[in-house]
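Engineer: Could you work out the structure for the sequence below:
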Amino acid sequence: MTNAAAELLPSRTDIEQAAKVVYGAMAPTPQLSWPLLNQALGAQVWVKHENHAPTGAFKVRGGMVYLDKLARRQPQVRGVISATRGNHGQSVGLAASRFGLHATIVVPQGNSREKNAAMRALGVSLVEYGSEFQESREHAQQLAQEQQLHMIPSFHRDLVAGVSTYWMELLAAQPDLDAVLVPIGQGSGMCGAVAARNALGLKTRVIGVVSAHALAYKLSFEQGVKVESPVSTRIADGVACRVPDEASLAVLRAEVDEVIAVTDDEVMDAMKMFFIATHNVAEGAGACALAAALQIRARLQGRKIGVTLSGGNVDHDVFARVLLRETAFDLETSAPVLQLAQRRVA
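Structural biologist: Numbers count the residues shown, from 1 in each chain. Below is the predicted model of the structure:
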């Protein structure tokens, strides 16, 4: 483990304590291996179904742990605020209601209608501001000062501790995975994967995935410095990051093996494949890991990998268009599953 990981990431004890909070509110989610996905990739693929979490995404775990810690540290806090494209906001809304706190969430204008509705249904005060996430986050910080609200960041050690619990479930059940593929938004999911792998003492490679239309983390990883990059993805709003977080970027550089960029078309192909092969709904960011696996499937032949279906909160009209579009794959003519002979990803 690098110094960056040791300083910034939760320990095994931290994750085990976080699990007590998480499992007080939800059950572990399943990890399943689907024959049609195995066939399509020529590999043994284990899908971690965070779309089965209470808010339909992995973020709920981090929100529960963060607000549990906040309530203990600062019992005087009565209101919290954060910025999101949707899943983090639902996480904060659900957790805040459990701890008797009011939550204000700032989202970009034109944000997912159904994610907005889900947040409002949780009692959140929703503010629409800015054209993309970074502008929403800066406005939330301003409102926090003006209204004396506690600002919940998109990345924090307590959030990562909660998120790490889902990776602990997967890696404890399948400790011999050659690699896991994980989308990178603000980095809590990626850092959770690293923290769980390190806590269990495994050698599993961690492969980050970004949108080809939001390259900040990939460019920063490759250039060794923080790089801002414009966002233009039309489908993967959960990874629509223009400005990387410094802490998660340090973990990325130190602990992640590579970062793959997937196009919107590749993401939509993966969303459709998830539905056809597993009858699970994946939102754009939630399908990024599978999209990356499909992109590098020639390298994955005969290996054993984990992909996260990290969220299923897609607007119904968007998903209908995804299902109706022609795709670049045909599951009926996919090559048969290969023998799992070689077990290291090149």
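Engineer: just for this protein, where's the confidence low?
Structural biologist: Within the chain, the stretches falling below the threshold (pLDDT under 70) are 1, 4, 331-346.
Engineer: any idea which helix or strand comes after the top helix by length along it?
Structural biologist: Ranked by residue count, the top helix of the chain under DSSP state H comes out as helix 157-173. Helices and strands here follow DSSP states H and E; after helix 157-173, the next one along the chain is strand 179-183.
Engineer: Contacts for that following strand, please.
Structural biologist: Applying C-beta atoms under 8 Å, 6 or more residues apart in numbering, the external contacts of strand 179-183 come out as 167, 170-171, 189-190, 193, 197, 204-210, 236, 238-239, 257, 260, 285-286, 288-290, 292-293, 300, 303, 305-308, 310, 345. For every residue, glycine as well, the C-beta is placed using N, CA and C.
Engineer: Sitting in helices, which of the residues you listed do you find?
Structural biologist: Among those, the members found in helices (DSSP H) are 167, 170-171, 189-190, 193, 197, 288-290, 292-293, 300.
Engineer: Dump these into TSV; add distance to residue 275 and neighbour count as well.
Structural biologist: What follows is those, written out as TSV (distance: C-beta to C-beta, whole Å; neighbours: other C-beta atoms under 10 Å):
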residue	distance to residue 275	neighbour count
167	24	29
170	21	26
171	26	24
189	22	33
190	25	29
193	24	31
197	29	24
288	15	37
289	15	30
290	11	30
292	18	26
293	16	26
300	21	23
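Engineer: Which of the residues you listed sits closest to residue 44?
Structural biologist: Comparing these against residue 44 with C-beta to C-beta places residue 300 closest, at 9.6 Å.
Engineer: if you skip the residues just before and after it, what's nearest to the closest one?
Structural biologist: For residue 300, the nearest residue in space outside its immediate sequence neighbours is residue 43; the separation is 4.5 Å by C-beta to C-beta, 6 or more residues apart in numbering.
Engineer: Please apply the same query to residue 319.
Structural biologist: The shortest distance from residue 319 to any non-neighbouring residue, by C-beta to C-beta, 6+ apart, is to residue 281 (6.5 Å).
Engineer: which among the ones in helices among the contacts of strand 179-183 gets closest to residue 131?
Structural biologist: Minimum separation from residue 131 among the ones in helices among the contacts of strand 179-183 (C-beta to C-beta) is found for residue 288, which lies at 22.1 Å.
Engineer: hmm, back to that, just the buried positions in the longest helix of the chain, please.
Structural biologist: Under the neighbour-count criterion of 16 or more other C-beta atoms under 10 Å, helix 157-173 has 157-171 buried.
Engineer: what angle do it and strand 179-183 make?
Structural biologist: Helix 157-173 and strand 179-183 are oriented at 150 degrees to each other (axes from the mean of the first three to the mean of the last three C-alpha atoms, to 10 degrees).
Engineer: CA-only coordinates of helix 157-173, as PDB, when you get a sec.
Structural biologist: Coordinates of the C-alpha atoms in helix 157-173 are reproduced here as PDB (Å, rounded to 0.1, in the frame of the first residue of the first chain):
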ATOM      1  CA  ARG A 157     -12.900   9.400   3.800                       C
ATOM      2  CA  ASP A 158     -16.200   8.600   5.500                       C
ATOM      3  CA  LEU A 159     -18.000   8.400   2.200                       C
ATOM      4  CA  VAL A 160     -15.300   6.100   0.900                       C
ATOM      5  CA  ALA A 161     -15.600   3.900   4.000                       C
ATOM      6  CA  GLY A 162     -19.300   3.300   3.300                       C
ATOM      7  CA  VAL A 163     -18.700   2.700  -0.400                       C
ATOM      8  CA  SER A 164     -15.900   0.300   0.400                       C
ATOM      9  CA  THR A 165     -18.400  -2.100   2.000                       C
ATOM     10  CA  TYR A 166     -19.800  -3.100  -1.400                       C
ATOM     11  CA  TRP A 167     -16.300  -3.900  -2.800                       C
ATOM     12  CA  MET A 168     -15.600  -5.900   0.400                       C
ATOM     13  CA  GLU A 169     -18.700  -7.900  -0.400                       C
ATOM     14  CA  LEU A 170     -17.600  -8.600  -3.900                       C
ATOM     15  CA  LEU A 171     -13.900  -9.300  -3.200                       C
ATOM     16  CA  ALA A 172     -14.600 -11.400  -0.100                       C
ATOM     17  CA  ALA A 173     -17.000 -13.600  -2.200                       C
END
